[in-house]
Structure formats: C-alpha cells, structure tokens
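>>> Below are the sequence and a predicted model for it; my questions follow.
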Amino acid sequence: MTASRSRNHGSHNPGWMPFSAVRVTLAGVTLCGLLITAPSDAQAQVQLFPSLQGGTQDQPDAQTSDQPSATPEPTAPSGMAVETLGAVDTEAVGALPDTAVALPPDLWTGLSRSSIAALINGLTGNGDYPVVRELAKRLLLSAAALPSQESGTPISVLHARIEALARMGFAREAETLARAGADALRDPDGLAALARSQLSAYDLPEACSTATNAVTPSNDVFWQKLIAFCQAVAGQKDQASLAAQTLFDTGVEDPVYFTLMDSITLGLSPELKALTPEGAMHYAMLRFSGAAVPFGSTDPLITQLAVQQSPDLDVAESATRRGLLSPEALADKYLAEAFKPSALDAPLEALDKISPAAGRALLYQVLLKWEIPALRAEAVSVALSRARSDGLLIAIAPVFATPAMTIPPSNDLLWFAEDAARLFYMTGHMDRARQWHALLRSHATANADSAASNARLWHLAMLSGETGQALGQSRRGWDQAIIDGAEDPDAGRAYLETLKALVQAATGGEPLASEAELRADAMAAQPETGIGAAALPLHLLSRAAEAERMGEVVALSIAVLSIGPAQQLNPSTPIAVVRALTAVGLQRDARQLAMETAVLSAPNPVPMDR
C-alpha cells in the first residue's frame with residue numbers, strides 16, 4: 001500500500017472505524033441496491049447486487065411463504081447443454097455445448113474421490129496439442145458418477161473441476177459448469193469457487209451477487225477483498241477505499257490488489273511492472289481498471305489479457321501455440337500489421353528484412369489480396385515452411401487453412417499438392433485434403449515426384465480414417481519416401497520408426513512387414529533425444545489403460561503432454577498416450593493426437609525445387 005493511499009484515505013475519512021464495524025457496514029448497509037456502471041464497451045447501467053428484499057405486490061408470480069420452493073433446474077447459457085446424473089450426487093453435473101462429445105458417465109470408475117481430485121488438481125496446463133486442449137475441456141465438463149465421500153474432510157470434485165477449467169484458461173466454461181452445479185455450491189468454499197469462476201469470466205454482476213450471499217456467514221479475506229472491489233465498481237469509491245485500507249492495516253499481503261484498488265478508487269496510475277498478477281480477482285481488476293498488464297504471469301487468463309494489449313506478433317504467435325489466443329484472433333493481429341505497398345507487391349523479397357512473425361503476417365495479407373492461385377499457393381507454402389522451422393506449424397496452420405480453402409486443386413499446382421493435403425489433414429478439413437491427395441495419386445504412375453508425395457501422405461490418410469484401394473496405393477513406397485523426404489536421412493529413418501509406432505498405437509494397423517521386423521527395429525533402436533515424461537506417470541498411464549479407467553487415462557495424458565513444448569518431447573511420450581487413449585475407447589482423439597505428433601515431429605524436408 002502506498003503512502004499516497006493512506007493520505008488520501010485520511011482526507012475523506014477523518015475518523016477510523018474499527019475493523020468489526022467496517023464488516024457490519026459492509027454486510028448490513030452498503031450492499032443493498034448498488035448500481036454499477038458497465039465498462040466502456042457497454043453504456044447501460046446494470047444492478048450489481050440483487051435486492052435483498054422479498055417479492056412485492058407488484059410481482060404476482062412471486063412465491064409466498066406458504067408455497068414450498070421448488071429446487072431449480074440447472075441452467076446454462078444459450079447453446080450450452082447441461083447434464084445431470086439424477087439425484088445420485090449433486091456434483092455429478094456436466095455442461096457441454098454438444099453432449100455427443102461427452103465422455104461416458106462411468107469415466108471415473110475404479111478411483112476414490114480423493115484420487116479423482118488429485119488428478120484434476122494436478123492439471124496445471126494443457127500443452128501445445130490442440131486435441132489435448134479439447135480433451136481437457138471434455139474431461140472437466142462431462143457429467144460423471146462419483147464414488148461416495150471418504151471419511152474425514154469432504155472432498156469436492158466439482159470445486160476441483162471448476163478451478164481447473166479457470167486455471168487452464170477456460171473461463172467461460174468454468175462459469176458455465178459452476179452455474180450448472182449451483183446446488184452443490186452452497187457452502188462457503190463452493191460459493192468461493194463460484195465467485196472465482198464468475199470473476200474469471202468477467203461477469204462482475206454475478207460475482208458480486210454471489211458475494212452478497214457469502215459475506216454474512218464468512219469472514220474470509222477473499223470475500224472482504226471482493227466486496228471492496230464490488231463497491232469500487234459500483235461507484236462507491238469512498239467505502240471501497242476505506243475497506244481496502246482496513247484490509248491493508250490488518251496485515252493482508254496482496255500488493256497487486258492494493259495497487260489496483262488505488263487505481264480504481266483514487267485515480268492513481270498503477271505501477272505493476274515489478275509485480276506479478278495471478279488469479280481470478282487480479283484478472284477482473286486488471287480488465288476493469290484498464291491497467292497495462294505486465295508479462296511474466298503463469299496465469300493463462302492474465303497472459304491472454306497481456307497478449308490482447310500487446311502489438312507484439314511474436315507474443316501473439318507464442319500464445320496461439322499454447323492455446324491462449326485463438327487462430328481467429330491471431331489472424332486479426334496479422335491483418336492489423338502495417339506494411340509498405342512495396343512489401344505487399346513483392347513479399348518474398350521483404351521476408352528476410354523483417355521478423356519471422358511479421359513475415360507470416362505479410363504472407364497472410366498477400367494470401368487475402370492476391371487472386372492468382374499459383375501466387376496464393378506460394379504464400380501458403382512459404383508461410384508453412386517457415387512456421388515449421390520456428391516450431392509453430394500446428395498453431396499457424398489453422399490461420400492459413402481457411403483462406404487456402406479457396407485455392408482449387410489443379411494440375412498447374414501439382415507442386416503444391418503435398419503441402420496443401422498435409423495442411424488440410426492436420427486442420428481437419430478432410431474432404432479438401434483428399435481432393436489434393438487424389439490429385440497426386442492421379443499423377444503417381446507417370447510422375448516420380450508425385451508418387452513420392454503421395455506415399456509421404458499415407459500415414460496422415462490412415463490416421464484420418466480413410467480406407468480403400470487408394471490408401472493401399474499410397475502405402476507402396478511409404479518407407480523409402482519418408483526417408484528420402486528428409487534433409488538428413490538418419491533423421492528420416494528415426495521419423496519413420498516414430499510414424500510406424502504412431503500408426504500402430506492409434507489404429508491397431510500393422511505398418512511393419514512382420515513381427516520379426518518389429519523386434520529387429522527394437523534391437524537397433526537408438527536412444528531418444530528431447531524431453532520425456534517421468535517413469536511414474538507413464539507407469540500409471542499404462543496401468544490405467546489396462547484397467548480401462550478412462551478419466552485417469554485422460555488426466556495423466558494431459559499431464560505428460562504438458563511437461564514441455566511439443567516439438568521437444570521425445571516420441572515415446574505421445575506414442576504412449578496415443579496407445580492409452582486407444583485402449584480406453586477414445587480412438588478419434590488418439591488418431592488426432594497421432595496426426596498432430598506426426599506433423600510436429602517431422603524432420604526438415606529436402607528443399608523443394610519448383
């Protein structure tokens with residue numbers, strides 16, 4: 001707390017109130033009928049706190065004391081479905097936009113409640129793999145039966161799920177789940193989890209409404225800080241400033257909170273450069289105050305806020321790789337980058353004069369500007385090649401895939417067909433991928449380069465679920481094409497072994513000639529390089545897969561794939577995850593992960609001659 005804060009407090013509060021008196025004031029007087037002026041992007045006023053009065057004669061539908069109150073059904077925002085598992089456990093609620101993608105309700109079978117909570121509490125990140133991020137949301141949002149409470153302190157799996165979603169950057173999903181599970185969030189800890197989810201989603205009216213229900217029975221510092229913030233948001237700056245000063249005087253340590261309260265209530269410029277904001281409260285206060293967000297926070301939501309404020313394209317691309325910025329948002333940042341007309345007219349000449357990120361922004365603008373298919377294909381091909389070299393291919397591919405959909409497959413673009421098919425396989429545009437792949441197959445008999453490109457795509461076609469005679473045609477020559485396609489033949493051979501293991505783990509198919517070849521390859525295998533998961537989680541992953549404990553498999557998979565950048569993981573880690581996901585029936589996710597791993601682990605290709 002700054003000295004200026006204390007002086008300002010003294011100027012409009014000549015007498016100090018004892019701390020207990022402040023709490024009475026907060027609980028009994030100042031929470032009624034507060035109005036909040038919405039942030040600058042909304043002009044209307046909204047009521048921050050609901051009225052503490054009961055129904056009136058002007059409300060004919062209000063229940064009287066003689067009418068029993070019905071238990072409300074869980075609700076969710078438009079487009080979000082809510083599932084419950086009967087009256088078995090009020091925590092067994094789910095909330096997914098599409099219940100068809102929900103994991104089965106027995107996904108936690110075989111585990112104790114404390115083990116389930118331990119797995120969920122251990123989810124601190126979701127890695128670089130897009131499929132893993134989606135799997136994490138499905139795990140945490142699926143309705144699932146839970147075992148009975150164990151003796152001792154009750155364990156709330158719902159609290160753990162809500163907090164994990166917020167911790168991983170899924171703020172809106174966290175609030176939705178909390179709303180759906182409101183019946184299980186009546187205790188102080190549950191209400192705190194609900195309030196944090198609302199702050200994470202920047203739903204200040206709901207967060208402050210939750211605070212009014214919790215402030216009377218709880219003296220927890222969290223609620224005192226939230227009430228003071230809510231008063232500031234509602235325009236009651238004197239009361240908010242006094243409440244914050246009281247917290248500071250009683251020894252509460254939270255320099256970010258007090259600095260932001262100074263900014264909101266006293267109009268001081270916040271100095272956060274040496275501080276690290278963390279958590280839902282800081283996130284909501286940063287958004288409301290409009291303060292510049294320093295980099296360095298490990299909190300995904302605060303990192304997202306910092307990225308949104310920053311014009312730095314390198315930061316934006318890194319955030320997209322981590323799933324903290326959507327491909328659409330990155331595309332908008334690419335479009336916002338300013339270039340000279342000469343660079344837009346001759347982009348390939350300008351690439352070596354600007355940063356790699358700016359180069360991709362230039363190529364993206366050119367892709368949208370140019371009309372000649374060959375020039376547009378050139379922009380896509382160069383952008384993907386540079387993204388691969390920078391370890392950003394999976395993150396950048398969706399940005400370029402959408403406009404590249406308008407480039408029609410043609411014989412004139414045969415040189416581009418392999419790049420195009422790979423782009424669309426990895427981004428899920430399977431029909432377009434197969435059109436480009438079919439173009440290569442049609443030329444494979446007469447054109448050796450087309451035959452090699454066709455073969456190099458076999459594993460992606462296999463992992464996409466393609467079947468039939470054409471797939472068998474692509475399989476011929478696959479082994480040698482993979483080796484020959486790598487700039488370093490030794491790297492190509494190592495990559496081939498990785499692909500064989502991925503295909504076998506994801507599909508059960510046998511890309512090897514025989515069981516004897518499998519053992520010969522094992523005997524000749526070289527030590528892997530890169531980051532590998534620790535032995536214990538891999539052992540538990542294998543054991544959980546054998547016992548078909550889906551929830552544990554998914555949680556451990558997320559954990560082992562989040563230990564470092566995807567391109568630095570040694571192949572055995574994602575291969576083990578692919579095998580485990582397949583074993584518990586998540587074949588589609590296993591194949592998608594195998595495809596992403598195949599793309600990420602590819603060695604540098606032989607430079608193309610066109």
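Perfect, I can see it now. Numbering: from 1, shown residues only.
>>> Distance check, A379 against R386.
11 Å (C-beta to C-beta, to the nearest Å). The C-beta positions use only the backbone N, C-alpha and C, and glycine is treated the same way.
>>> Of those two, which one has the most company?
A379 (25 against 18; other C-beta atoms under 10 Å).
>>> My guess is the more buried one contacts W370. True?
Yes: when contacts are counted by C-beta atoms under 8 Å, A379 is listed as touching W370 (7.1 Å).
>>> buried sites along the longest helix that the chain contains?
Using DSSP state H, we find that the single longest helix of the chain is helix 489-507. Buried residues in helix 489-507, counted by 16 or more other C-beta atoms under 10 Å: 492-507.
>>> Same check on stretch 224-235?
Of the residues in stretch 224-235, 224-234 count as buried by neighbour count, 16+ other C-beta under 10 Å.
>>> now swap in stretch 477-484 and tell me
477-479, 481-483.
>>> what is the mean pLDDT for it?
Averaged across stretch 477-484, pLDDT comes to 94.
>>> Can I get it as CSV, trimmed to CA atoms?
Extracted C-alpha coordinates of stretch 477-484, given in CSV (Å, rounded to 0.1, in the frame of the first residue of the first chain):
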residue,chain,number,x,y,z
GLY,A,477,6.9,-46.9,-51.2
TRP,A,478,6.0,-45.1,-48.0
ASP,A,479,9.0,-46.2,-46.0
GLN,A,480,11.6,-45.0,-48.6
ALA,A,481,9.6,-41.9,-49.4
ILE,A,482,9.7,-40.8,-45.7
ILE,A,483,13.5,-41.3,-45.5
ASP,A,484,14.2,-39.7,-48.9
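>>> So what touches the helix or strand harbouring L368?
Assigned by DSSP states H and E, L368 belongs to helix 356-369. Contacts of helix 356-369 from elsewhere in the structure, counted by C-beta atoms under 8 Å, 6 or more residues apart in numbering, are 313-314, 316-317, 331, 333-335, 337, 339, 343-344, 347, 350-351, 354, 375-376, 379-380, 382-383, 386-387, 390, 396, 399-400, 403-404.
>>> Just the buried subset of these, please.
Buried among these (16+ other C-beta under 10 Å): 313, 316-317, 331, 333-334, 337, 339, 343, 347, 350-351, 354, 376, 379-380, 382-383, 386-387, 390, 396, 399-400, 404.
>>> quick revisit: got the CA coordinates for the next helix or strand after the helix holding L368 in PDB?
Note on helix 356-369: by DSSP H and E, the next helix or strand toward the C-terminus is helix 373-389. Extracted as PDB, the C-alpha positions of helix 373-389 are listed here (Å, rounded to 0.1, in the frame of the first residue of the first chain):
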ATOM      1  CA  PRO A 373      -3.900 -19.300 -57.500                       C
ATOM      2  CA  ALA A 374      -0.200 -20.000 -58.000                       C
ATOM      3  CA  LEU A 375       0.900 -16.900 -56.200                       C
ATOM      4  CA  ARG A 376      -1.500 -17.600 -53.300                       C
ATOM      5  CA  ALA A 377      -0.300 -21.200 -53.100                       C
ATOM      6  CA  GLU A 378       3.300 -19.800 -53.000                       C
ATOM      7  CA  ALA A 379       2.400 -17.600 -50.000                       C
ATOM      8  CA  VAL A 380       0.800 -20.600 -48.100                       C
ATOM      9  CA  SER A 381       3.700 -22.900 -48.800                       C
ATOM     10  CA  VAL A 382       6.400 -20.400 -47.700                       C
ATOM     11  CA  ALA A 383       4.400 -19.500 -44.600                       C
ATOM     12  CA  LEU A 384       4.000 -23.100 -43.600                       C
ATOM     13  CA  SER A 385       7.700 -23.900 -44.200                       C
ATOM     14  CA  ARG A 386       8.800 -21.000 -42.000                       C
ATOM     15  CA  ALA A 387       6.300 -21.900 -39.300                       C
ATOM     16  CA  ARG A 388       7.700 -25.500 -39.300                       C
ATOM     17  CA  SER A 389      11.200 -24.200 -38.800                       C
END
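>>> just to revisit the earlier point, list the buried residues in the helix holding L368.
356-367.
>>> where are the low-confidence patches of this protein?
Residue ranges of the chain with pLDDT under 70: 1-88, 126, 215-219, 509-515, 517-519, 521-523, 525-528, 608-610.
>>> Would you enumerate the residues in contact with the residue positioned nearest the centre of the chain?
Among the residues of the chain, the one closest to the centroid is G323, at 4.6 Å (C-alpha atoms, centre = their mean). For G323, the contact set (C-beta under 8 Å, 6+ apart) comprises 126, 128, 130, 133, 169.
>>> Now with 10 Å, please.
125-130, 132-134, 136, 168-170, 300, 304, 395 (C-beta atoms under 10 Å, 6 or more residues apart in numbering).
>>> Also T109?
144-145, 147, 547-552.
>>> so S148 sits right up against R113, yeah?
Yes: contact status for S148 versus R113: in contact at 7.4 Å, counting by C-beta atoms under 10 Å.
>>> Overlap of the contact sets of the two?
D89.
>>> distance of F339 from A420?
F339 is 25 Å from A420, by C-beta to C-beta.
>>> Give me the nearest residue to L538, chain neighbours excluded.
A576 (5.7 Å; C-beta to C-beta, 6 or more residues apart in numbering).
>>> what's around that neighbour, how many residues?
23.
>>> Ok, E328 next?
For E328, using other C-beta under 10 Å, the count is 11.
>>> So it belongs to a strand, correct?
No: applying DSSP: H, G, I helix; E, B strand; the rest coil, one finds E328 to be helix, outside a strand.
>>> Make sure it is actually in contact with A316.
No: using C-beta under 10 Å, E328 is not in contact with A316, being 11.9 Å away.
>>> still on that earlier bit, only whichever of the contacts of T109 are buried, select them in PyMOL.
To isolate the buried members of those in PyMOL, using 16+ other C-beta under 10 Å:
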select buried, resi 144+147+549+550+551+552
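>>> any chance you could map the strands in the chain?
Read by DSSP state E, the chain holds these strands, from start to end of the chain: 35-37, 45-47, 81-83, 94-96.
>>> thinking again about what came up before, wait, the residue nearest to L538 touches A544, no?
No: if you go by C-beta under 10 Å, A576 and A544 don't touch, sitting 11.5 Å apart.
>>> Overlap in contacts, these two.
What both A576 and A544 touch, as defined by C-beta under 10 Å, 6+ apart, is the set 556-557.
>>> residues touching the residue nearest to D479 when sequence neighbours are not counted, list them.
Using C-beta to C-beta, 6+ apart and skipping the chain neighbours, the partner closest in space to D479 is L496 (6.0 Å). Applying C-beta under 10 Å, 6+ apart, we find L496 in contact with 459, 478-483, 485-486, 511, 521.
>>> Let me have the residues you listed in JSON lines, adding distance to S562 as columns.
Output for the contacts of L496, formatted as JSON lines (distance: C-beta to C-beta, whole Å):
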{"residue": "H459", "distance to S562": "25"}
{"residue": "W478", "distance to S562": "31"}
{"residue": "D479", "distance to S562": "32"}
{"residue": "Q480", "distance to S562": "35"}
{"residue": "A481", "distance to S562": "33"}
{"residue": "I482", "distance to S562": "28"}
{"residue": "I483", "distance to S562": "31"}
{"residue": "G485", "distance to S562": "30"}
{"residue": "A486", "distance to S562": "28"}
{"residue": "P511", "distance to S562": "28"}
{"residue": "D521", "distance to S562": "29"}
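>>> Show me the protein divided up by domain.
3-50+76-83+143-288, 116-142+513-610, 310-407, 409-484 (automatic domain parsing).
>>> Quote the end-to-end distance of the last one.
Right, domain 409-484. One end of domain 409-484 sits 25 Å from the other (C-alpha to C-alpha, to the nearest Å).
>>> The third one too?
One end of domain 310-407 to the other measures 32 Å (C-alpha to C-alpha).
>>> just how off-centre is that domain within its chain?
22 Å (C-alpha atoms, centre = their mean, to the nearest Å).
>>> And for stretch 452-472?
30 Å.
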